[in-house]
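Q: I would like to see how this sequence folds:
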Amino acid sequence: MRTGEPLPAVGEVLASLATGLWHWDTATGLVTVDAEAARLLGLPPQETVLTEAQSRARLHPVDWNEITGVVQLAVAEGTLAEVRIRIMDDRGRVVRLVRSRSKPSFDPEKKAYELIGTLQEVAEPTPGTPAGRTAVTGDWRRSREAFLLDAGRALAEARSTEEVLRVAAALSMPGFSPDGLAVFGVEGERLTIIGHHGHQSGDEDPFSHMSIHTDYPAAEVVRTGRAVYLSSPEQYKERYPLIWPMAAHFGRHSWAFLPLTVAGHTMGAWMAAFAYPVAFTPDERSVLTTVARMLAQALTRAGAAETQRELTDGLQRSMLPTLGPEIPGMTLAARYIPTGGGLQVGGDWYDMIPLPRGRFALVIGDVQGHDVRAAGLMGQLRIAVRAYAAEGHRPDAVLSRASGFFHGLTDPDGGAGADPRFATCLYLEVDPVTGVLETARAGHLDPAIRMSDGTVLVRATAGGLPLGIDPDADYPTTRLALEPGEALMLCTDGLLETGGHDLDTGWRRVRKILEAHEGDLEELADALVQAVHGPSSHHTTGPLADRREDDIAVLLLCRQGEGGCGPGAAPVPVRRPVRRSMLTVAQAEPERIAVARQQLRELLHDWTCEDQIDSAVLLVSETLTNVLVHTDVDALLVAEVTGAPGERRLRIEVTDAGDDLPHKRSPGELASSGRGLVLIELLADAWGVAPRGEGKTIWFELYEFGEFCELCEAPSAGAP
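A: Okay, the predicted model is just below:
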């Protein structure tokens, strides 16, 4: 061709270069190819129109599936779609490898793609070379899929922004891995740096709080929502001359800036910087774009979760009180742990309410549910209980009024649209001078007392229905005494049932912690929470164990004395040789005899002779039953253990206000009564009847390894 002559037609030029031309419209489903493109596809060398099915039959099926992703990526980025394709013959054999380059466009009305491109035969790339990595198929493709699966899983499991950034920094991309990362956010009209990796502290300062209108790649990405790829320092310097001096000293050779887009909104940008040149082939751009999308989703989830945690934690904490000023002679400690899943709010609460004359009240409760409504009801109920207590009402009256109030909140008219709920509660009024505790209970767990020698007993208290079930319910009061050096524990059922336990197995686990702990009250509170909330506590107790979690609230009260229980005090326990338990059995409450038996077994949990424990339980049942059957007054049981292990003495006293003294009788074989004193005489080491000013006391004693425990063997020397 001479100078000045017209240029040949495009088709002639492409034919002379062995390059075919093709056109594909997904709306019609037709592919038009010229003669050269038809030859490369293994068809007669003439222009023809093929259906998508006919075209697909000439291509390797794996490559056909890859074409869709490459086209979508090119449309999103406004770039060329380049892909290597294996051409198959009628027998399914690969006859040649071709390279297709096209400029795709998308019609939103037709929702169809239109592509015009070229087709050219290329040599089979050598495995492991840069050219080999540009192929769509092969080992690199499989590595890419495995990488994306692992990256997606790791980012999905990240629960905080810090974890997301740590996962992003640890990603090892197949064949090309950045050594510098930065995640940019947007606040108003300025960029912020959420996190970075591969840079020194302070390197981010020039790029932090940069205007999004600055001629900087990340700012451009945020403005336009389109990725920026810079394959060389020369390309960076040419495109962003003002910013290049700031980026030059990092010594990188390639950069990719990708938009972090969620629901069509660009929330920031992600920079991946490389210490070696990267061509950013379609496959490499596809990997980076996919990671950027996953990263954006992960950051959005983490940000929402952190905001939710901050909101719910602040809501819950704002509803829980401080324990107030120091109380002379008393020490308080409390813990609250929200449930592990979902909204971290619930209905558990505790409170300390100052009362007149130096007294105070402790309250612990649990509103049904673990949602925002439960937390709201809890806050209202707590305020109501404080108000009733401040009016000077006794514990029973406080809970009665609170039950009516709570019933009105949850079921105001009993309509079908109501959301009735209930709440358990324990209200305890404390006199710090005497250690007397007056308790009213609404369906809640009984309090537990840790004695000064380390023995832990559950103190049975009278109770009524949970709050809100019956607005007119009554709540009887029980009086307890906290001796110097003893500690009281109030808790919600979450402390016992967390980790797949039920109330029984959970109590045994907590009891071991209470008995073995040596330290102040704050350390004891931490030990209780760690024992049930730590990894070692979540062992399965059975094949069908229920592993649902619950809120945990714990309230501890210690009356200072020998051994102490406050900061700086001597470690607890200092083993005192006395443990004592008291219980009242009213005429109308014969079922409390079973409570007395259980409480006595707990008191003697480390007694050496099992036969003596059974004897003591039997004799207590007999003496209490005699009072209820032969008098019309209540019975007071006092059990006391004194002495060192192996030489201890159990003394039981049952006192009543009746005037008639018991008499020993000789019952016949068919008699239904009259055996009480006979059993006491046979099984007790000592016993007697002591008249009082009003009433009498029947007492008996059992000695560890006494004459009536001949079957029990004393421990050998040196035995633990």
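
Q: ok, Asp656 touching His630?
A: No: counting by CB atoms under 8 Å, Asp656 stays clear of His630, with 9.4 Å between them. All C-beta atoms are positioned from the backbone trio N, CA, C, and that covers glycine.

Q: Of those two, give the one with the bigger neighbour count.
A: Asp656 (25 against 13; other CB atoms under 10 Å).

Q: could you check the distance from the more buried one over to Trp699?
A: When distance is defined by CB to CB, to the nearest Å, Asp656 is 13 Å away from Trp699.

Q: What average pLDDT does the helix ranked longest in the chain get?
A: The longest helix of the chain (DSSP state H) is helix 282-319. Helix 282-319 shows an average pLDDT of 78 in the prediction.

Q: May I have the helix or strand following that helix as PDB, with CA atoms only?
A: Once the chain leaves helix 282-319, the next helix or strand it forms, by DSSP states H and E, is strand 330-337. C-alpha atoms of strand 330-337 as PDB (Å, rounded to 0.1, in the frame of the first residue of the first chain):
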ATOM      1  CA  MET A 330     -20.800  -5.800 105.100                       C
ATOM      2  CA  THR A 331     -19.300  -6.400 101.600                       C
ATOM      3  CA  LEU A 332     -21.100  -6.500  98.300                       C
ATOM      4  CA  ALA A 333     -20.200  -7.800  94.900                       C
ATOM      5  CA  ALA A 334     -22.300  -8.300  91.800                       C
ATOM      6  CA  ARG A 335     -21.900  -9.600  88.200                       C
ATOM      7  CA  TYR A 336     -24.100  -9.500  85.100                       C
ATOM      8  CA  ILE A 337     -23.400 -11.400  81.900                       C
END
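
Q: Report the inter-axis angle for strand 330-337 versus helix 282-319.
A: Orientation check (axes from the mean of the first three to the mean of the last three CA atoms, to 10 degrees): strand 330-337 against helix 282-319 gives 150 degrees.

Q: May I ask which helix or strand of this protein has the lowest mean pLDDT?
A: Ranked by mean pLDDT, DSSP states H and E, the helix or strand of the chain with the weakest confidence is helix 130-134, at a mean of 45.

Q: Summarise which helices and strands the longest helix of the chain is packed against.
A: When contacts are defined as 3 or more CB pairs under 8 Å, 6 or more residues apart in numbering; DSSP states H and E, helix 282-319 sits against helix 61-77, strand 81-88, helix 139-157, helix 161-170, strand 254-262, strand 265-274, helix 372-390.

Q: looking at the ones you listed, which is buried most?
A: Comparing the helices and strands packed on helix 282-319 on average neighbours per residue, with mean count of other CB atoms under 10 Å, the densest one is strand 254-262 at a mean of 23.

Q: Contacts only, for Trp507.
A: Val458, Leu496 (CB atoms under 8 Å, 6 or more residues apart in numbering).

Q: what about 10 Å?
A: When contacts are counted by CB atoms under 10 Å, 6 or more residues apart in numbering, Trp507 touches Leu445, Ala448, Val456, Val458, Cys491, Leu495, Leu496, Glu497, His501.

Q: Top of those by number of neighbours, please.
A: Greatest neighbour count in the contacts of Trp507, by other CB under 10 Å, goes to Leu495: 28 neighbours.

Q: Tell me where the model's unsure across the stretch 301-450 of the chain.
A: The model of the stretch 301-450 of the chain has pLDDT under 70 over residues 309, 311-322, 324-325, 339-346, 370, 412-419.

Q: my bad, the stretch 51-200 of the chain
A: Along the stretch 51-200 of the chain, segments meeting pLDDT under 70 span 124-144, 146, 172-176, 198-200.

Q: among the contacts of Trp507, which two are most distant?
A: Using CB to CB, the pair of the contacts of Trp507 lying farthest apart is Val456 and Glu497, separated by 18.3 Å.

Q: now Pro277, nearest residue through space, not along the chain?
A: Distances taken as CB to CB, 6 or more residues apart in numbering place His253 nearest to Pro277, at 5.0 Å, with adjacent residues excluded.

Q: how close does the one you found sit to Asp283?
A: 19 Å.

Q: got it, and His393?
A: Per CB to CB, His393 is found 76 Å from Asp283.

Q: Those two: which is more packed in?
A: Asp283 (25 against 16).

Q: Just want the phi and psi numbers for Leu41.
A: phi -80, psi 0 (degrees, to the nearest 10).

Q: Gly468 touches Ala442, doesn't it?
A: Yes: counting by CB atoms under 10 Å, Gly468 does reach Ala442; the two are 9.1 Å apart.

Q: who touches both of these two?
A: Jointly contacting Gly468 and Ala442 under the rule CB under 10 Å, 6+ apart are Ala402, Ser403, Phe406, Phe422, Ala423, Thr424, Cys425.

Q: Go through those residues and say which is closest to Val595.
A: Ranked by distance to Val595 (CB to CB), the shared contacts of Gly468 and Ala442 are led by Thr424 at 19.0 Å.

Q: going on from the host helix or strand of the closest one, what's the next piece of helix or strand?
A: Using DSSP H and E, Thr424 sits within strand 423-430. For strand 423-430, the succeeding helix or strand toward the C-terminus, using DSSP H and E, is strand 436-442.

Q: Quick one: list the elements packing against the following helix or strand past that following strand.
A: Moving toward the C-terminus from strand 436-442, the next helix or strand (DSSP H and E) is strand 448-450. For strand 448-450, the packing partners by 3 or more CB pairs under 10 Å, 6 or more residues apart in numbering; DSSP states H and E come out as strand 456-458, strand 487-491, helix 503-516, strand 552-559.

Q: Return the list of helices and strands in contact with the very next helix or strand once past the third one.
A: So that's helix 503-516. Downstream of helix 503-516, the next assigned helix or strand under DSSP H and E is helix 521-533. Packing partners of helix 521-533 (3+ CB pairs under 10 Å, 6+ apart): strand 330-337, strand 487-491, helix 494-497, helix 503-516, strand 552-559.

Q: how about the helices in the stretch 501-650 of the chain?
A: 503-516, 521-533, 592-603, 610-630 (DSSP state H, counting those that start in this stretch).

Q: I'd like those helices written out as JSON lines, with distance to Ala112 and mean pLDDT added.
A: What follows is the helices of the stretch 501-650 of the chain, written out as JSON lines (distance: least, CB to CB, whole Å; pLDDT from 0 to 100):
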{"stretch": "helix 503-516", "distance to Ala112": "63", "mean pLDDT": "88"}
{"stretch": "helix 521-533", "distance to Ala112": "57", "mean pLDDT": "86"}
{"stretch": "helix 592-603", "distance to Ala112": "79", "mean pLDDT": "88"}
{"stretch": "helix 610-630", "distance to Ala112": "86", "mean pLDDT": "90"}
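
Q: can you redo those helices as JSON lines with distance to His265?
A: Output for the helices of the stretch 501-650 of the chain, formatted as JSON lines (distance: least, CB to CB, whole Å):
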{"stretch": "helix 503-516", "distance to His265": "47"}
{"stretch": "helix 521-533", "distance to His265": "39"}
{"stretch": "helix 592-603", "distance to His265": "62"}
{"stretch": "helix 610-630", "distance to His265": "71"}
